[in-house]
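> coordinates only, sequence not included:
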């Protein structure tokens, strides 16, 4: 739960920074001051750091999901070895797939770079770029 809250906070901050960056980018280069250019660069660096932090969170969640899946398989195998008759009668564990909510996720997050990274960093919540 706390990971999801962190993810939402990171997405909100990324979105806020992207809005500010979009405002600066919309100004023609000929009209930008040195401070504007420096702010653009600083915003890009901040966004990049936040995206990296979010990527770490997503990778951590995926690692935990895979670890839990492996534990479930180990427990199922253990139970099958200890109680083969009772589990076979009930039809448990035969051809059964794990389908908890955490295992119904989409493909693991794939690190992206450039504008694609900025556009896709938070999925549907980030639609600025």
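Sure, I can see it. Keep in mind that what you see is a predicted model, and the values were worked out from it rather than measured. Residues are numbered from 1 along each chain as shown.
> So for residue 102, what's the pLDDT?
In this model, residue 102 is scored at 44, pLDDT.
> Ok, the one 3 residues further on next?
Model confidence at residue 105, given as pLDDT, is 46.
> likewise the one 5 residues further on?
The pLDDT attached to residue 110 in the predicted structure is 41.
> Kindly report the same for residue 87.
Residue 87 is assigned 61 on the pLDDT scale.
> next one: residue 8
You'll see residue 8 listed with a pLDDT of 89.
> Ok, residue 26 next?
So residue 26 comes in at 94 (pLDDT).
> just residue 5 next, same as before
pLDDT, read off for residue 5, is 85.
> That one: neighbouring residues, count only.
9 (other Cβ atoms under 10 Å). The way it works is simple: take the backbone N, C-alpha and C, and place the C-beta from them, glycine included.
> what does residue 36 give?
The number of residues packed near residue 36 is 15, by other Cβ under 10 Å.
> Let me know the helix or strand that it is in.
Using DSSP states H and E, residue 36 maps to helix 34-82.
> looking only at pLDDT, what's the mean for that helix?
Average pLDDT, helix 34-82: 93.
> Who are the packing partners of it?
Applying 3 or more Cβ pairs under 8 Å, 6 or more residues apart in numbering; DSSP states H and E, one finds that helix 34-82 contacts helix 2-25, helix 114-120.
> Nearest to residue 81 among these would be which one?
Comparison of the helices and strands packed on helix 34-82 against residue 81 by Cβ to Cβ identifies helix 2-25 as nearest, at 34.0 Å.
> Which positions within the closest one qualify as buried?
Judged by neighbour count (16 or more other Cβ atoms under 10 Å), helix 2-25 contains these buried residues: 7, 10, 11, 13, 14, 15, 17, 18, 20, 21.
> what angle sits between the helix holding residue 36 and helix 2-25?
If you take axes from the mean of the first three to the mean of the last three Cα atoms, to 10 degrees, helix 34-82 sits at 160 degrees to helix 2-25.
> before we move on, the earlier item: how about a markdown table for the buried residues of helix 2-25, with distance to residue 79 added?
Output for the buried residues of helix 2-25, formatted as a markdown table (distance: Cβ to Cβ, whole Å):
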| residue | distance to residue 79 |
| --- | --- |
| 7 | 34 |
| 10 | 39 |
| 11 | 40 |
| 13 | 45 |
| 14 | 44 |
| 15 | 46 |
| 17 | 49 |
| 18 | 49 |
| 20 | 55 |
| 21 | 54 |
